[in-house]
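Asks: Here is my input; please provide its structure:
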Amino acid sequence: MDYTAKTFNIPELEGISSKSVEDHIGLYQGYVKNFNAISKKIPEYAQDSEANAHALSELIRRRSFEFGGMRLHELYFTQFEGGAKALNPESALAKQFEKEYMKLEHFEPYFKSIGNMRGPGWAILYWDAEGQQLLAGFSGEQHQGHFVTLPIVLALDVWEHAFLLDYGTQGKGKYMDAFFKNLNWSLVEERFEKLTRTQ
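Replies: So this is what the prediction gives:
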């Protein structure tokens, strides 16, 4: 089955240029295209998996990378739709932040510190239904470093392509400030509430 690149209704963002968003979406579309192309190749190479062992191993590794890039970017871009909205202090997510981090003002700098880790990757907030807790982590490549099986609540892209055009190579911190300034927390709250309703 071929995947189709999604479209996103992203308003003009403060601190993240339209050109940067356009280029970034182009990169996302490339992940979708590459995933589809690799998926078509694998059955062909698998007909003689012994002779094609090296090529297959690279295709399989690369396919998970492309898939991770596709899905994480879909989560990422969706978070800007509808324009910036503050976290509702009465929401289930806000109450979970209060329980674990005291308040959002403590979570945000902590999450940014994860994004500021050296190297490209993603700062990701997950929900662990079994432990009834939020878990934040860093995925150095989008198919590695995840909390296995845990659904994602918040995804922050900190690869250089996300901020290079607007802020240069040293601009990750300013870009993360802009990310949180433009974040539609109501969509993140809905994502979290869906996860907690299915427990």
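
Asks: any chance you could map the strands in this protein?
Replies: All strands of the chain, identified by DSSP state E, fall at 122-128, 133-139, 152-157.

Asks: Partner strands of the shortest one and their direction?
Replies: Neighbouring strands of strand 152-157 in its sheet, by DSSP bridges, are strand 122-128 (antiparallel).

Asks: go on, the second one?
Replies: Within its sheet, and counting by DSSP bridges, strand 133-139 is paired with strand 122-128 (antiparallel).

Asks: List the buried residues for the partner strand?
Replies: Applying a neighbour-count criterion of 16 or more other C-beta atoms under 10 Å, the buried positions in strand 122-128 are Trp122, Ala123, Ile124, Leu125, Tyr126, Trp127. Backbone N, C-alpha and C define where each C-beta goes, glycine included.

Asks: hmm, what's the outermost residue in this protein?
Replies: Within the chain, the residue lying farthest from the chain centre (C-alpha atoms, centre = their mean) is Ala51, at 36.1 Å.

Asks: What distance do you get for it to Leu59?
Replies: Here Ala51 is placed at a distance of 14 Å from Leu59 (C-beta to C-beta, to the nearest Å).

Asks: do the same with Trp122
Replies: Distance of Trp122 to Leu59, given as C-beta to C-beta: 23 Å.

Asks: hey, which helix is longest across the chain?
Replies: helix 18-46 (DSSP state H).

Asks: for that helix, packing partners?
Replies: Using 3 or more C-beta pairs under 8 Å, 6 or more residues apart in numbering; DSSP states H and E as the contact definition, the elements that helix 18-46 packs against are helix 53-78, helix 164-167.

Asks: Determine the set of other helices and strands touching the longest one.
Replies: So that's helix 53-78. Other helices and strands packing on helix 53-78, by 3+ C-beta pairs under 8 Å, 6+ apart, are helix 18-46, strand 152-157.

Asks: just these: most buried one?
Replies: strand 152-157 (a mean of 22; mean count of other C-beta atoms under 10 Å).

Asks: Show me where this structure dips below the pLDDT cut-off.
Replies: Along the chain, the model assigns pLDDT under 70 to residues 198-199.

Asks: can we see that at 80?
Replies: 102-103, 198-199 (pLDDT under 80).

Asks: Can you say which of the helices and strands packed on helix 53-78 is nearest to Gln79?
Replies: Between Gln79 and these, the shortest gap by C-beta to C-beta is with strand 152-157, which sits at 7.2 Å.

Asks: And the contacts of that closest one?
Replies: Residues outside strand 152-157 that contact it (C-beta atoms under 8 Å, 6 or more residues apart in numbering): 24, 72-73, 75-76, 79, 93, 111, 115, 122-127, 134, 176, 179, 188, 191-192, 195.

Asks: Okay, domains of the chain per the record?
Replies: The record assigns the chain these domain ranges, following automatic domain parsing: 18-78, 92-197.

Asks: what's the first-to-last distance across the shortest one?
Replies: Okay, so that is domain 18-78. From its first residue to its last, domain 18-78 covers 15 Å (C-alpha to C-alpha, to the nearest Å).

Asks: With the last one instead?
Replies: Start to finish, the residues bounding domain 92-197 are 11 Å apart (C-alpha to C-alpha).
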